[in-house]
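Peer 1: Sequence first, predicted coordinates after that:
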Amino acid sequence: MRVFALGQRLRHFVDHVAATAGSANGERVRRWFQDKKAGWYAVLADPQMPVTSTLLDQAHNAIERKLFAMKGFHHSKGSQQAFLNGLALLYDLVPYQRRAKHAGQCGVEVEGGKVPTRDWFLNLQILTSGGFR
Amino acid sequence: MGQTAKPPRQNRTITVDFHDETTYFALVGNTQAFVEFVLAFLLSLGFQLAHKATCRGGGCLTRHSHYARIRLGGLTIWRVQCTTCHAVFTVLPHFVLRYRQMRPEVARDALLATHGGLSLELCAVICHISPMALSRLVCAFGHQSLVTVLTRCGLSLPVYVLADEKHSRCLTDKVYLPTIVSGRVIWPLGSTVEASAAAFTESDGTFQRTASQQEPSYRVKGVLTDGFDSTTKSMRTLFPRARLGNCLRHAINKLPGKLTAIPSSVRKT
């Protein structure tokens, strides 16, 4: 139902643009919709599909601050992948909220995972131990 | 006669939470109690030990040998051995970091400050460590694969994911960080020097391979991207049966750009 509604709304919008701003503009917007609409339909057709990439943008913003702060990332002989993995692990395992619904929880817990202890640093030590399978 | 290179020894260190240092020192002198404590800790975690490939892990653990860590004031570190496959596991107490003199409290504070966005210089100043030590600490934790760590936490492999790349600078060069997240969790975070589909496929392919090794039937059902061509192509290559969606927020952000040729008086209508 949502998919049909989207198609109809897009067509109406293109008609409106063509009527008010000329057929050339209407055609340009229509072509852009044509390129993108398969992706929008995919989002609307599956209720479990994420709708916006906001959570990923938040992760990127948090990581970027550290990349900027840590010039070690640019070290030619340093392991960039290990460094990035380390940053990603911190992002996943450090509790990030104090007051909201998931207060005191890390990303892993918010997504339904279980961490070994209440201490995030001890969790980091335990979970990155090479002796566990 | 050429010498054959020895294969690197597998990291079989296990960090055990002894609650406090006095408990550890009390247990070190009692073999049976020590092994029982380690076993109880392992049972409470529910983790399997990384035995040798031929071992099914049904054997007992026995105390194998010990050594003194001189740089930590002669602290005794014990190793335990599987009686079946003879794999040896180093038992690291929670108040010791592997191959590091740094105290965990210092490491915790420094990492928290770094994670919070404090500059490397200031983190080093407030924690009395060198900036490079902090960088190495992050790298040390990052040697483990993210997929391995996250599945240890009981997270199932992500079925619906967000994929994007971050454009960043490496001094004067550009770098790209292809990333896949599911909810609030980053699964892989890679780095490439090109923004091509091939480079992103190679970077994200590591995640796909590791995930498939963990769960051969693993399949991604949906991927949301911002429409960037290289990311879309790499996702199509790696997850051919996944449904590819475009972010609706990006669409709303880009729509005004498509209407720039239209006079604003008309746009307002």
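Peer 2: It's in.
Peer 1: Spatially nearest residue to B:A124, not counting backbone neighbours?
Peer 2: Once flanking residues are discounted, B:A124 sits nearest to B:P131: 4.4 Å by Cβ to Cβ, 6 or more residues apart in numbering or on different chains. Heads up, the C-betas are built off the backbone N, CA and C, glycines and all.
Peer 1: quick one: low-confidence ranges for the stretch 101-250 of chain B?
Peer 2: Within the stretch 101-250 of chain B, no stretch has pLDDT under 70.
Peer 1: and the residue nearest to B:A124, how many neighbours?
Peer 2: Taking other Cβ atoms under 10 Å in any protein chain shown as the criterion, the count of residues near B:P131 is 19.
Peer 1: That one touches B:L122, doesn't it?
Peer 2: No: with contact defined as Cβ atoms under 8 Å, B:P131 does not count as touching B:L122 (9.8 Å).
Peer 1: List phi and psi for B:P178.
Peer 2: phi -60, psi 130 (degrees, to the nearest 10).
Peer 1: go on, B:H66?
Peer 2: According to degrees, to the nearest 10, B:H66 has phi -140, psi 160.
Peer 1: How many residues are close by it?
Peer 2: B:H66: 12 neighbours (other Cβ under 10 Å).
Peer 1: Skipping adjacent residues, who's closest to A:A42 in space?
Peer 2: B:G245 (3.9 Å).
Peer 1: what's the host helix or strand of B:S44 packed up against?
Peer 2: Following DSSP states H and E, one finds B:S44 within helix B:31-45. In terms of contacts (3 or more Cβ pairs under 8 Å, 6 or more residues apart in numbering or on different chains; DSSP states H and E), helix B:31-45 is packed against strand B:13-16, helix B:21-28, strand B:61-69, strand B:75-82.
Peer 1: Recalculate using a threshold of 6 Å.
Peer 2: Packing partners of helix B:31-45 (3 or more Cβ pairs under 6 Å, 6 or more residues apart in numbering or on different chains; DSSP states H and E): helix B:21-28, strand B:61-69.
Peer 1: And the last one, what's buried?
Peer 2: Along strand B:61-69, the positions that meet the burial threshold by neighbour count (16 or more other Cβ atoms under 10 Å in any protein chain shown) are B:61, B:64.
Peer 1: near chain A, which residues of the stretch 1-150 of chain B?
Peer 2: For the stretch 1-150 of chain B, the residues in contact with chain A (Cβ under 6 Å from any Cβ of the partner chain) are B:11-15, B:17, B:45, B:47-48, B:50, B:89, B:94, B:108, B:115, B:117, B:119-120, B:135, B:138-139, B:141-144, B:146, B:149.
Peer 1: what about the biggest helix by length in chain B and chain A, touching?
Peer 2: Secondary structure of chain B per DSSP state H: the longest helix is helix B:197-214. No: shown here: helix B:197-214 not in contact with chain A (Cβ under 6 Å from any Cβ), separated by at least 8.6 Å.
Peer 1: elements contacting that helix?
Peer 2: By 3+ Cβ pairs under 6 Å, 6+ apart, helix B:197-214 packs against helix B:146-152, strand B:173-182, helix B:229-238.
Peer 1: distance between that helix and the chain's centre?
Peer 2: Centroid separation for helix B:197-214 versus its chain: 15 Å, with Cα atoms, centre = their mean, to the nearest Å.
Peer 1: Kindly report the same for stretch A:39-59.
Peer 2: With Cα atoms, centre = their mean, you get 9 Å for stretch A:39-59.
Peer 1: Regarding that stretch, how distant is the last residue from the first?
Peer 2: Its first and final residues considered, stretch A:39-59 spans 23 Å by Cα to Cα, to the nearest Å.
Peer 1: Pull out the buried residues from it.
Peer 2: Buried residues in stretch A:39-59 (16+ other Cβ under 10 Å): A:39-44, A:49-50, A:52-53, A:55-57, A:59.
Peer 1: where does residue 96 fall, phi/psi-wise?
Peer 2: Chain wasn't specified; assuming chain A. According to degrees, to the nearest 10, A:Y96 has phi -120, psi 0.
Peer 1: not what I meant, chain B
Peer 2: Torsion angles, degrees, to the nearest 10, at B:V96: phi -130, psi 140.
Peer 1: Could you check what's spatially nearest to it, not counting adjacent residues?
Peer 2: In space, and not counting its chain neighbours, B:V96 is closest to B:L72: 6.4 Å by Cβ to Cβ, 6+ apart.
Peer 1: Equivalent analysis for A:L84, please.
Peer 2: B:L189 (4.7 Å).
Peer 1: That neighbour and A:A88 touch, don't they?
Peer 2: Yes: using Cβ atoms under 6 Å, B:L189 is in contact with A:A88, at 4.3 Å.
Peer 1: Return the residues in contact with A:A18.
Peer 2: For A:A18, the contact set (Cβ atoms under 6 Å, 6 or more residues apart in numbering or on different chains) comprises A:G26.
Peer 1: three-state assignment of the residue positioned nearest the centre of chain A?
Peer 2: Central residue of chain A (Cα atoms, centre = their mean): A:L56, 1.9 Å from the mean position. Under DSSP: H, G, I helix; E, B strand; the rest coil, the three-state class of A:L56 is helix.
Peer 1: I'd like the distance between it and chain B.
Peer 2: As judged by Cβ to the nearest Cβ, to the nearest Å, A:L56 and chain B stand 4 Å apart.
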